[in-house]
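Student: Structural data only, the sequence is not supplied:
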């Protein structure tokens, strides 16, 4: 069978891109030589994430466990030099909330260990949110919550629940001790709006408008209620003078995997052959030579077809620009 690799390269600025490329080439050689994989295509996770919503140009804001990475893609091609990253992630919110809970009058007995971390993680995922403004976050109303299954004691928390979302817009709320990578980590300085703006403005000027109009949130913490609305509001406030308008798409926790499934299920996906195929070769150019929208996904009897049948056409088809994928054979 052919193999589609979802890659997340170029994560560390201190590592030259050539080293990532060399290791990817070695992996391809290993798969082809030792495991007889007839065809290997490697596609960056940001490109696949955009593919999942039918776009080839946009900005992917990937909020991971310990790192948030903002990756711009133009016409299906990664802009390596424009990638922005900051050491804030889901674990930062959990650790910050744990420190807040440990000082709560209701939860002074909460252990500051793995068990306590699990309690904080569950509270974050169940009750955490992103306030509309920083002022609303600091003045959040109190609400009762049960800290763990089977416990009768309840706690009343207020701004603590908003902090788990606020840290993505005000990293000064964090300290290195909240980092997934430990106390030796540098202090994070840039929030999501700053990361997105810098990533876009580092790309060619003619792509700025299209990039701002397609900002895709991915990752577990991207699901926090209010995240997309707050990011759009702060971005628009910042770039208004530049003459652009930001559009933040609904968050998707598994966008890259969905994009990979859709791409690999395409009837025109490369048949097993022992050579490399670039992703751009799978997209038919428009009459003006530019790369356009992806071809609508019609399904290939995969297990995802039943669940996606009602939404795939709306997600992947633009009837004014749709055209078939080129067969790369």
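Tutor: Thanks, I have the structure now. The shown structure was predicted, so the numbers you read here are calculated from the model rather than taken from an experiment.
Student: residue ranges for the helices of the chain, please.
Tutor: For the chain, the helices defined by DSSP state H cover 17-33, 45-51, 90-102, 114-127, 134-138, 159-166, 192-201, 208-212, 227-239, 255-264, 305-308, 312-316.
Student: now the third one and helix 159-166, what's the angle there?
Tutor: Between the axis of helix 90-102 and that of helix 159-166 there is an angle of 170 degrees, by axes from the mean of the first three to the mean of the last three Cα atoms, to 10 degrees.
Student: picking that back up, so which of the helices of the chain is the most packed in?
Tutor: Of all those, helix 45-51 has the most neighbours on average by mean count of other Cβ atoms under 10 Å, namely a mean of 26. Quick note: C-beta positions are derived from backbone N, CA and C, even for glycine.
Student: ok, and what's touching that helix?
Tutor: 6-8, 56-58, 60, 62, 71, 73, 76, 78, 214, 216, 218, 252, 255-257, 259-260, 262-263, 279, 294 (Cβ atoms under 8 Å, 6 or more residues apart in numbering).
Student: Which ones among those map onto strands?
Tutor: Here DSSP state E is the test, and those give 6, 7, 58, 60, 62, 71, 73, 78, 216, 218, 252 as lying in strands.
Student: quick one: pLDDT of residue 316?
Tutor: The confidence metric pLDDT takes the value 31 at residue 316.
Student: ok so, going back, would you reformat the helices of the chain as TSV and include distance to residue 179?
Tutor: Shown next, in TSV, are the helices of the chain (distance: least, Cβ to Cβ, whole Å):
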stretch	distance to residue 179
helix 17-33	24
helix 45-51	22
helix 90-102	6
helix 114-127	14
helix 134-138	21
helix 159-166	15
helix 192-201	17
helix 208-212	29
helix 227-239	20
helix 255-264	24
helix 305-308	37
helix 312-316	35
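Student: Out of those helices, which is closest to residue 185?
Tutor: Proximity to residue 185 (Cβ to Cβ) singles out helix 90-102 among the helices of the chain, at 9.8 Å.
Student: For that closest one, name the packing helices and strands.
Tutor: helix 114-127, strand 154-157, helix 159-166 (3 or more Cβ pairs under 8 Å, 6 or more residues apart in numbering; DSSP states H and E).
Student: Tell me which residues are up against that helix.
Tutor: Here helix 90-102 has contacts from 63-66, 107-108, 110, 112, 116-117, 119-121, 123-124, 128, 147, 155, 157, 160, 163-165, 167, 173-174, 177-180, 188, 219-221, using Cβ under 8 Å, 6+ apart.
Student: Return the mean pLDDT over it, rounded to an integer.
Tutor: In this model, helix 90-102 carries a mean pLDDT of 88.
Student: That helix to helix 114-127, inter-axis angle?
Tutor: Using the same axes, to 10 degrees: helix 90-102 against helix 114-127 is 100 degrees.
Student: just to revisit the earlier point, among the ones in strands among the contacts of helix 45-51, which one lies nearest to residue 22?
Tutor: Closest approach to residue 22 among those (Cβ to Cβ): residue 7, at 13.4 Å.
Student: okay, and for the stretch 201-329 of the chain, where does confidence drop off?
Tutor: 268-329 (pLDDT under 70).
Student: Pull out the buried positions in stretch 64-72.
Tutor: Within stretch 64-72, the residues scored as buried using 16 or more other Cβ atoms under 10 Å are 64, 67, 68, 69, 70, 71, 72.
Student: what's the straight distance from one end of it to the other?
Tutor: End-to-end distance for stretch 64-72, by Cα to Cα, to the nearest Å: 17 Å.
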